[in-house]
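> 3D model of this:
(4 chains)
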4 protein chains.
Amino acid sequence: MIVVLKQNPDPQQLNTLIDWLKEKHVEVHTSTGALHTILGLVGDTAGIDEDLISALDIVEDVKRVQEPYKNANRKFHPENTIIPVGNTQIGGGTLTLMAGPCSVESEEQIVSIAKSVKASGATILRGGAFKPRTSPYSFQGMGADGLELLKIARQETGLPIVTEIMDPEQLPLFKDVDIIQVGARNMQNFNLLKLLGKQEKPVMIKRGLSATYEEWLMSAEYVMAGGNHNVILCERGVRTFETYTRNMLDLGAVPVLRKLTHLPIIIDPSHAAGKAWLVPQLSVVAVAAGCDGMIIEVHNDPEHAACDGPQSIRPETFDAVAKKLHGLHQYLAENP
Amino acid sequence: MIVVLKQNPDPQQLNTLIDWLKEKHVEVHTSTGALHTILGLVGDTAGIDEDLISALDIVEDVKRVQEPYKNANRKFHPENTIIPVGNTQIGGGTLTLMAGPCSVESEEQIVSIAKSVKASGATILRGGAFKPRTSPYSFQGMGADGLELLKIARQETGLPIVTEIMDPEQLPLFKDVDIIQVGARNMQNFNLLKLLGKQEKPVMIKRGLSATYEEWLMSAEYVMAGGNHNVILCERGVRTFETYTRNMLDLGAVPVLRKLTHLPIIIDPSHAAGKAWLVPQLSVVAVAAGCDGMIIEVHNDPEHAACDGPQSIRPETFDAVAKKLHGLHQYLAENP
Amino acid sequence: MIVVLKQNPDPQQLNTLIDWLKEKHVEVHTSTGALHTILGLVGDTAGIDEDLISALDIVEDVKRVQEPYKNANRKFHPENTIIPVGNTQIGGGTLTLMAGPCSVESEEQIVSIAKSVKASGATILRGGAFKPRTSPYSFQGMGADGLELLKIARQETGLPIVTEIMDPEQLPLFKDVDIIQVGARNMQNFNLLKLLGKQEKPVMIKRGLSATYEEWLMSAEYVMAGGNHNVILCERGVRTFETYTRNMLDLGAVPVLRKLTHLPIIIDPSHAAGKAWLVPQLSVVAVAAGCDGMIIEVHNDPEHAACDGPQSIRPETFDAVAKKLHGLHQYLAENP
Amino acid sequence: MIVVLKQNPDPQQLNTLIDWLKEKHVEVHTSTGALHTILGLVGDTAGIDEDLISALDIVEDVKRVQEPYKNANRKFHPENTIIPVGNTQIGGGTLTLMAGPCSVESEEQIVSIAKSVKASGATILRGGAFKPRTSPYSFQGMGADGLELLKIARQETGLPIVTEIMDPEQLPLFKDVDIIQVGARNMQNFNLLKLLGKQEKPVMIKRGLSATYEEWLMSAEYVMAGGNHNVILCERGVRTFETYTRNMLDLGAVPVLRKLTHLPIIIDPSHAAGKAWLVPQLSVVAVAAGCDGMIIEVHNDPEHAACDGPQSIRPETFDAVAKKLHGLHQYLAENP
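As a prediction, this is how the structure comes out:
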């Protein structure tokens, strides 16, 4: 951590600061220049509150050198995390395809889509039971009933299920879910994250609409600090000035996160695009980016989907895409 | 609502769509051009799901003409909403100053600041008990104990209190709070919003980091759809490419919201700036923008504040600022 | 084009508007609803100035249905544009690799890099002679001398050259350049674009830092409207709230532009990333996105490059990357 | 400047770097920690190229402590710059109102608007002769003829004129203009800026659509480095995710720039809003923000303006607004 002091800092305040830092077992190196004096803080600065130092009268700026996350940091955990889920795993060279409808709508619908995506090579079934919708007048999902239907589909197909939690109060209902998804709008719902850190199910955290990599990794850190290290990161596009697509898919996030963290990375091309015709191409791109898998919306009747129909592809499209993705994944593994 | 069809739409699908719309009591006007056919939907289209129509094979684009919010919409409620709180009110020409520390830290701290800001003209006391923090390793607030200390400060000063809820489970603790604040990161925590719609306390909704006006008003609509019309909007800066200030305060939001909605508008210059020295000037600007009040962080010892010290002003600064703001507010009322 | 009228529009003003539109050979279809009246304009609306209509007292909003660009629009030119350059071409299934240093620094440097990238499979040589730099105190390029050195490198290797123009006055110097590049900061330098439309050299237009697809295509339209249809689009990352990388590479732009336009699309992973270690992976992703080629900074001594060293890869890295890119391109062509 | 080294830097490379820095008369202070070694560079680092150091293999990150601009920096020029223009001045406590049409359309139009805005208290006449338009099919301004009409209006009213240059080649035509405006899209047209630095007319630089404060001040620095210190900054809104207004007016820019620079600051509420009804309120806000003046579009017939009609206010509105602005400016001067 680097502390840039204002010109002519009060010497007594400066001494107080230096003494306080030394108490925290941080070494302080002082560089005095004509315009600025700089303090270089060396040691474990994760416990030093940047805001507290910034507030001091004598301080102009504080710059962090070390990342503020530890459990999620590749520097401290060089090996990639692999998360076993049912008979499959996420990470470790596997290309995981999570597929299914935006919303669970009926037993027939979810079972039939589950069978279809399994036949096409999906290894995890997605489906929304609790749906975050911008409008209170839109369909809000089937709730607990939807979770039951997902479990039936799992029983019929053997596919583990991933579905979104919206609220700490819903946690008991998720006991039998395989992966608990935290939506983009809840990425900084810190109470929810803490609670998910105290249970054992894998947690997939979607990136917030305008979250930086660091904020996203800090949300993973919330879960991991509680003891649950089974965290998956899911890039789903960020908000920019461009409105042609719903969001801008940040595929550079994959190599950046690979450097910063050991956690597996999933891409959601469906929500990023908001347009079904873009999903196949974006999926190909995601494989090339080196992600550990994708979560793709598939609906057997997108024109009558209860929500997000415009971004759902049909099972026959998914079938073709899945083949292409697995082929490309294998090609890239063999031609590194 | 306007539906732009693709070139050469299938006539049977088009008829199905038109019949379906007519069942929803929406009139359909067709304009056929060389490149595009346009359907003009006339009537109450709030119940028509834009996404469903977008998903149709024959549809190129859907454009909404009418705002999707009703309760929050000035077109349907031309009069400004005025919200009584304790002995004061928000809206209706009053300039409400909410002031207090970022976090409640001790009885002595909160009571002393409360007395001080009251003497300077604040009419509502702010103070955080539950604190959303980016890092799990930062101070998370005093929690329920902090709420108790706020009530003591209210008893000592008569100032109503506003404080942030982070979670539906905390609601019972907020029974005795005067205004319940929903933070920027929770603006689209829809379960929380629904719950706050079913109780009677005024709710102040901060704008999300990258929320559009429409999304923000839809969050207000969630609370209002539940029956609670005492909703206050709080602009606290949005996220952009500029990192000199923590966020960019969108002061144009005030006249825009005045046109779109009848709800009162509060400005938070402290969180927008992230720098105490900017707060006085931004506050003056906020009064000129025509807001109904401000929420300002005041700390008697910002250098040792448990959080967000860098943006807290001292009581003596607040005193000077409050005088200036009230003077300006009166000047503008007299010189419309 | 759709015109949404305010409630209760003045009938005389409305008639004036409708008559004016009919004079422009546009059909007007009126849909009258309880809250809004909508005019659907059908016909060739490219000549109708949206701003003029928006300014009318009776108009609430104007929404364009048809794209405002014609020459660049795939709807009017369904076939992909292929641009011949020297012995090679851009578009039409070729993967073009443009490579070379950020700045031309000496004859020895540019010739040696040119030979090296040619041996690795590059078909076009890049190199900056006029350099746009944020600071007036940074190296501004070798100017006309740099152009001469580029020509020597072309003579030595046979590689066509692409280099950036900054100013209409420089155009005479570019007579002998193969592709003229317009930088991101000049994407809306309309006088420059007009001038480039009146000459015949291919023009590569980089996307502005926060340019929408439509604005970018309108800049292409400026060149094409002048008669020069040899326009190449170059995505180089856009500005967002994330500062870890210099810009955010928008790879979804490739399939979106493929739909909207027939012009070839080049990706610049070097400027997007700002970090050399990201370039190889982003290049792989760009091929998967379906672009027509890439422009990559290669420097034999990035640590002593006169500018943008941090994002330049070494010739040996480029060699490995180019092999990988060509392999992947072939794999994808064979497995569509 | 602070250089953060990678773990275990090669000692020889480190020595080479330190020797090179010392040659540049920069002191180097080394702080060695368990994870990182930090070099604190002390002295005049403006001449040190950040990019060159970043490119070194042993360097992880470089952080600048000192601002990269000197002439524009308040630290080196504490006194506010005051720029005399005709009989008036910009800065120094004056509230300058620049007003006039978006485009000059005819002698009658410009002279009549000039007389009207002068009567209302404007001290400078604005009017576009060369118009940057997104579409090649939109009206591009009257060009040199427009400049002549502006001069006639100046002769008739005595108002100095401000108008936009788009291109270095146009400079000879601007010899008799009072203030040369550089548009947002040209903020980083560095050749134009250099040229404007070598002449004496005041230059008003509009902020780029997504320019940071630092980039904007570096553009001012380009002009000042050439010898012309008469630079005015003009905030005109920035691009964000919100599309309700054309741009988001960043009023916090005024107090921030006051701290960073001594140059005068003008606000353009018309282009920021893109809607005439917002202009009066945004103007009031701009005065409260402490700006040195405003540039406002006024048209006697906005519904038939050749461009940007939707954001032009009528002369009678300007008259009322100007009175309000001057009243508020005086009130704030008397009640600091």
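> can you pull the phi/psi pair for whatever residue of the stretch 151-300 of chain A ends up closest to chain C?
Of all residues in the stretch 151-300 of chain A, residue A:288 sits closest to chain C, at 3.3 Å by CB to the nearest CB. Glycine gets a C-beta too; all of them are placed from N, C-alpha and C. The phi and psi torsions at residue A:288 (degrees, to the nearest 10) take the values phi -60, psi -30.
> you'd agree it is up against residue A:329?
No - assessed by CB atoms under 8 Å, residue A:288 is found out of contact with residue A:329, at 9.3 Å.
> picking up where we left off before, to what extent is the residue of the stretch 151-300 of chain A closest to chain C buried, counted in neighbours?
By the criterion of other CB atoms under 10 Å in any protein chain shown, residue A:288 has 26 neighbours.
> quick one, what contacts the residue nearest to it when sequence neighbours are not counted?
By the measure of CB to CB, 6 or more residues apart in numbering or on different chains, the closest residue to residue A:288 outside its immediate chain neighbours is residue C:288, 3.3 Å from it. Neighbouring residues of residue C:288 by CB atoms under 8 Å, 6 or more residues apart in numbering or on different chains: A:284-285, A:287-289, A:328, C:328, C:332.
> show me what from the stretch 151-300 of chain A comes close to chain D.
Residues of the stretch 151-300 of chain A lying near chain D by CB under 8 Å from any CB of the partner chain: A:210, A:239-241, A:243.
> if we can go back for a sec, I'd like the contacts of residue C:288 as a markdown table, with pLDDT and secondary structure appended.
What follows is the contacts of residue C:288, written out as a markdown table (pLDDT from 0 to 100; DSSP: H, G, I helix; E, B strand; the rest coil):
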| residue | pLDDT | secondary structure |
| --- | --- | --- |
| A:284 | 97 | helix |
| A:285 | 97 | helix |
| A:287 | 98 | helix |
| A:288 | 98 | helix |
| A:289 | 98 | helix |
| A:328 | 98 | helix |
| C:328 | 98 | helix |
| C:332 | 97 | helix |
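> between those residues, which is closest to residue B:66?
residue A:285 (37.0 Å; CB to CB).
> you'd agree the closest one is up against residue C:289?
Yes - Residue A:285 lies in contact with residue C:289 (CB under 8 Å); the separation is 4.8 Å.
> and the strands in the stretch 1-150 of chain A?
Here the stretch 1-150 of chain A has its strands, by DSSP state E, counting those that start in this stretch, at A:2-5, A:27-32, A:37-42, A:59-63, A:83-85, A:88-90, A:96-100, A:124-126.
> quick one, which of these is nearest to chain B?
For chain B, the closest of the strands of the stretch 1-150 of chain A is strand A:59-63, at 8.9 Å, according to CB to the nearest CB.
> what about residue A:257, distance to residue C:328?
Using CB to CB, to the nearest Å, we find residue A:257 at a distance of 22 Å from residue C:328.
> same question for residue A:158.
Relative to residue C:328, residue A:158 is positioned 34 Å away (CB to CB).
> the two: which is more packed in?
Neighbour totals were compared for residue A:158 and residue C:328, and residue C:328 leads with 21 against 14 (other CB under 10 Å).
> what sits closest to the more buried one if chain neighbours are left out?
Using CB to CB, 6+ apart, the nearest residue to residue C:328 is residue C:287, at 5.0 Å.
> how many neighbours does that neighbour have?
Residue C:287: 23 surrounding residues under other CB under 10 Å.
> was I right about it contacting residue C:325?
Yes - contact criterion CB under 8 Å: residue C:287 and residue C:325 qualify, at 5.2 Å.
> find the residues that touch each one of the two.
With CB under 8 Å, 6+ apart, residue C:287 and residue C:325 have common neighbours C:95, C:294.
> quick one: least confident helix or strand in chain A?
One helix or strand of chain A scores below all others by mean pLDDT, DSSP states H and E: helix A:50-54, with a mean of 77.
> quick one: that helix to chain centroid distance?
Per CA atoms, centre = their mean, to the nearest Å, the displacement of helix A:50-54 from the mean C-alpha position of its chain is 28 Å.
> can you tell me if it touches chain B.
Yes - interface with chain B: helix A:50-54 contributes A:51-52, A:54 (CB under 8 Å from any CB).
> how about stretch A:38-48: buried residues?
Within stretch A:38-48, the residues that count as buried by 16 or more other CB atoms under 10 Å in any protein chain shown are A:38-43, A:45, A:48.
> how about the residues of the stretch 51-200 of chain A near chain C?
Applying CB under 8 Å from any CB, one finds that the stretch 51-200 of chain A does not approach chain C at all.
> what's residue A:328 in contact with, if anything?
When contacts are counted by CB under 8 Å, 6+ apart, residue A:328 touches A:284, A:287-288, C:288, C:331-332, C:335.
> what does residue A:25 give?
So residue A:25 contacts A:43-44 (CB under 8 Å, 6+ apart).
> pull stretch A:147-156 out as CSV, backbone CA atoms only.
The C-alpha trace of stretch A:147-156 is given here as CSV (Å, rounded to 0.1, in the frame of the first residue of the first chain):
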residue,chain,number,x,y,z
LEU,A,147,-37.8,-26.1,-7.5
GLU,A,148,-39.8,-29.3,-7.1
LEU,A,149,-40.2,-29.6,-10.8
LEU,A,150,-36.5,-29.1,-11.3
LYS,A,151,-35.9,-32.0,-8.9
ILE,A,152,-38.3,-34.2,-10.9
ALA,A,153,-36.3,-33.3,-14.1
ARG,A,154,-33.1,-34.2,-12.3
GLN,A,155,-34.6,-37.6,-11.2
GLU,A,156,-35.6,-38.2,-14.8
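> tell me the buried residues in it?
A:147-150, A:153-154, A:156.
> which one of those residues is nearest to chain B?
Chain B has its nearest neighbour among the buried residues of stretch A:147-156 in residue A:147, at 15.3 Å by CB to the nearest CB.
> is it true that that closest one touches residue A:180?
No - with contacts counted by CB under 8 Å, residue A:147 stays clear of residue A:180, the gap being 11.2 Å.
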